[in-house]
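1. Give the three-dimensional model of this entry:
(2 chains)
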Amino acid sequence: MTMRKIPLETNIQNLRIIKTARDKNSINQAAKSGFFPLVKIVKKSELISSKFAISQHEETGEIQVLNDFRFGSGGKGYKKIIDYTSYYPYSFPSPYAAYLIPKDIEIGEHVFIEDLIEDLVGASWNQGDKYRLESCEAIWNGEDFDIQYNPEENIKNFMG
Amino acid sequence: MFHKNKPYLIFNPIKKQLLTEDGKLLKKLNCPFSINWEDLKKIKSQENRECHLCSKQIVNSSSVTTEELMTKIKLNPDICLKVDLEQNNIRVENDHA
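-> Model (predicted):
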C-alpha cells in the first residue's frame, strides 16, 4: 500500500475498472473467461468497527437496536439491556476473494478497484465508528496492486 | 445537536442507504470515489459544492430540512448528496436484518 501517486488531475472515470470475485464459482468463471484471479485472504482490520446497544420494551419485550449515541435508550417504555458494544459490521461470502486481472494489464497502469479486498478505513465518525473503504485507485506493479490510499486523510462524509 | 423530536432521516453507513424515519429507502449513496467534502469547490452563495470528478452539484443534506430533502430526491432520484454522520437531521442505523 502506498500514499497516492496518481496525480489529482487524472480522470478517474477513465481508468480501467478491476472487478473482484468473492466466491469459488465466480473466481473460476472469471479464469475461464480469460482473467487471472489474484487470490487474497479476506482479513478483518481491527481498526474497523461499529457499535450497537439493545433496548427492550419493558412490557411487550420488543427490542430496538441502537447505533447512535444521540438516540438515547430507544423511546418511551424501552430500557437499555445491552450497553454499547463494538463489533465488526461487515460480512463477506468467503474468507478469500480475488482481483480479476485482465491479460493485457501493463506494469504501471492506473486502475480503479471497484470492490477492495483489503480492509482499509474509508470514513470515520466522531462517535468512534470506522467504516471500510469500498473502492480505490491503484497501480499495477506486475505482481499486485499498489493501493493509492492515504491513511492520514480523515473522511467523515458519504456522497452519492 | 440532534433533534429527535423533529423529523429526521436514517442513514445506514454500511449499505450507504438513506431512509425515511419509518425505514423506507430514499436513496443509495453510490459514489465509488473517496472524496473529502472540504476539498470540493464551493458554489457561490450556496451550501452546495461542485464535484471535480463528474462536475455534478452535490447537495449538502445538512443545509436543508428533511422535508425539502425528500422532495429534492423525489424530483430528481439521481441527485448527488453529501451526508455527514454528525449532522443533526440524521440518525445512524446499521443493518442487522
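2. For chain B, give me the ranges with low pLDDT.
-> Applying pLDDT under 70 to chain B flags residues B:1-6, B:44-45, B:96-97.
3. near chain A, which residues of it?
-> B:2, B:4, B:11, B:13-14, B:16, B:27-37, B:51, B:53-54, B:58, B:80-86, B:91-94, B:96 (Cβ under 8 Å from any Cβ of the partner chain). Every C-beta, even on glycine, is put in place using the N, C-alpha and C of the backbone.
4. For the residue of chain A found nearest chain B, give its distance to residue A:97.
-> Across chain A, the shortest distance to chain B (Cβ to the nearest Cβ) belongs to residue A:160, at 3.3 Å. To residue A:97, residue A:160 is 23 Å away according to Cβ to Cβ, to the nearest Å.
5. Between those two, which is the more surrounded one?
-> residue A:97 (23 against 19; other Cβ atoms under 10 Å in any protein chain shown).
6. Quick check, the residue of chain A closest to chain B in contact with residue B:80.
-> Yes. If you go by Cβ atoms under 8 Å, residue A:160 and residue B:80 touch, sitting 6.4 Å apart.
7. Find the residues that touch each one of those two.
-> residue B:31 (Cβ atoms under 8 Å, 6 or more residues apart in numbering or on different chains).
8. follow-up on the earlier one: buried subset of the residues of chain B next to chain A, written for PyMOL?
-> This is how PyMOL selects the buried members of the residues of chain B next to chain A, with burial counted by 16 or more other Cβ atoms under 10 Å in any protein chain shown:
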select buried, chain B and resi 2+11+13+14+16+27+29+31+32+33+34+35+37+51+58+80+81+82+83+84+85+91+92+93+94
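9. Show residues contacting stretch B:10-18.
-> A:50, A:89-90, A:123, A:125, A:129, A:131, A:158, A:160, B:9, B:19-21, B:23, B:25-30, B:61, B:73, B:81, B:83, B:85, B:90-95.
10. nope, stretch A:56-74 is what I meant
-> A:50-55, A:75, A:77-81, A:84, A:127, A:129, B:2, B:4, B:91-94, B:96.
11. Among those residues, which lie within helices?
-> Among these, no residue falls in helices (DSSP state H).
12. The residues you listed in strands, which ones?
-> Counting by DSSP state E, the members of those that fall within strands are A:50-55, A:78-81, A:84, B:91-92.
13. Give me the buried entries from those.
-> For the ones in strands among the contacts of stretch A:56-74, buried by 16+ other Cβ under 10 Å: A:50-55, A:78, B:91-92.
14. Redo these as CSV? Include distance to residue A:63.
-> CSV is the format used below for these (distance: Cβ to Cβ, whole Å):
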residue, distance to residue A:63
A:50, 18
A:51, 16
A:52, 11
A:53, 10
A:54, 5
A:55, 7
A:78, 8
B:91, 17
B:92, 18
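15. And those, which is closest to residue A:104?
-> residue A:50 (39.9 Å; Cβ to Cβ).
16. Touching, residue A:144 and residue A:18? I think so.
-> No. The criterion here is Cβ under 8 Å, and residue A:144 misses it with residue A:18 at 11.5 Å.
17. Tell me where the chain has strands.
-> I'll assume chain A. A:16-18, A:20-21, A:36-41, A:50-57, A:63-66, A:78-87, A:96-101, A:110-113, A:121-124, A:130-132, A:136-140, A:145-147, A:157-159.
18. Chain B, not that one
-> Under DSSP E, chain B gives strands at B:9-12, B:17-19, B:25-28, B:41-42, B:49-50, B:57-60, B:80-84, B:90-92.
19. Quick check: which ranges of chain A have low pLDDT?
-> Within chain A, the stretches with pLDDT under 70 are A:1-11.
20. and it, which of its residues are near chain B?
-> Contact residues, chain A versus chain B (Cβ under 8 Å from any Cβ): A:11-13, A:50, A:52, A:65, A:67-68, A:70-72, A:89-90, A:112, A:114, A:122-123, A:125-127, A:129, A:131, A:133-136, A:153, A:155-160.
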